[in-house]
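K.L.:
Fold the following.
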Amino acid sequence: MIHENQKGSVVVAGLGPGRDDWICPSVQKAIDQATDVVGYGPYVSRVPAREGLTLHATDNRVELERARHALEMAASGHRVVVVSSGDPGVFAMASALFEALEEGEPLWRSLDVEILPGVTAMLAAAARLGAPLGHDFCAINLSDNLKPFSLIEKRVSLSVEADFAMAFYNPRSKARPHQFEKILDLLKTQTKGDRLISFARAVSTAQEHIKTVPLSEATPDMADMRTVVIVGSSLTRQISGTDFVYTPRSTPHLAEVE
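P.N.:
Residues are numbered from 1 along each chain as shown. Now for the predicted structure:
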């Protein structure tokens, strides 16, 4: 029940990659105290229904509308939790919430707003693999829904030049079936092709599947929207006789690096 003059709040929370025991306790506490949970349908469905809680499931491409709705409800005294998978600050709802806050009603800026972290997909995948992100790395979203694909290609190319390990989000979808192929071709052209590439699909769920191959053996159909792709640096290696992949914490002089 919402009481008159009750001050509302917005919490943007990460549910992690899938496993319930990978949800941070602070996130679970916020959900337990919420009057409303807002988010993309599959993520909202992970929150159990209970008395006093209203679930607001929406489509995947309405982030700003979802954020405005959350702020409007909070301005009316609701305790709102906006849920994302993984971490809300990594290609997710935290940025959309602040964009709506900056452009929206001045009243919204007086609301209590909190961002609660979660286990983002690349960290879950890296933990399953071993330590492929053990040294300098970058994360790149391969979707061109919000930026031109030429910019994605430039960022990948420069990351190879800088010898980062790379984590790719949203590598390949039904609407974008050919772009990941272009990225693989770019990587193969700029490296020797023996660099390790790992495909981590649906980590921590019953559908989990992980595979590591040399870049020369990678094909586009190894990835989909539930896959995080981790490309090693020139120093990343797999321990013989195991599935463990890691990147050493030290790096030689740049002249010695591919």
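K.L.:
Please point out which parts of stretch 69-77 sit buried.
P.N.:
If you call a residue buried by 16 or more other C-beta atoms under 10 Å, then stretch 69-77 has these buried ones: H69, A70, L71, E72, M73, A74, A75. C-beta here means a position set from N, CA and C on the backbone, and glycine is covered the same way.
K.L.:
same thing with stretch 141-150?
P.N.:
N141, L142, S143, D144.
K.L.:
Just the element for the residue nearest to the last one when sequence neighbours are not counted, please.
P.N.:
Same thing as D144. Closest residue to D144 apart from its sequence neighbours, by C-beta to C-beta, 6 or more residues apart in numbering: I152 at 6.2 Å. Assigned by DSSP states H and E, I152 belongs to helix 149-161.
K.L.:
Which residues belonging to that helix are considered buried?
P.N.:
Buried-residue list, helix 149-161, by 16+ other C-beta under 10 Å: I152, E153, R155, V156, S159, V160.
K.L.:
still on that earlier bit, possible to save the buried residues of stretch 69-77 as CSV with pLDDT?
P.N.:
Formatted as CSV, the buried residues of stretch 69-77 follow (pLDDT from 0 to 100):
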residue, pLDDT
H69, 97
A70, 97
L71, 98
E72, 97
M73, 97
A74, 97
A75, 96
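K.L.:
Just the ones in helices from those residues, please.
P.N.:
Among the buried residues of stretch 69-77, the ones falling in helices (DSSP state H) are H69, A70, L71, E72, M73, A74, A75.
K.L.:
And the fifth one, how far from N60?
P.N.:
Right, M73. Using C-beta to C-beta, to the nearest Å, M73 is found at 20 Å from N60.
K.L.:
and what of the fourth one?
P.N.:
Relative to N60, E72 is positioned 20 Å away (criterion: C-beta to C-beta).
K.L.:
in the stretch 151-258 of the chain, which spans are strands?
P.N.:
Secondary structure of the stretch 151-258 of the chain (DSSP state E, counting those that start in this stretch): strands at 165-169, 196-201, 209-214, 227-231, 237-238, 245-246.
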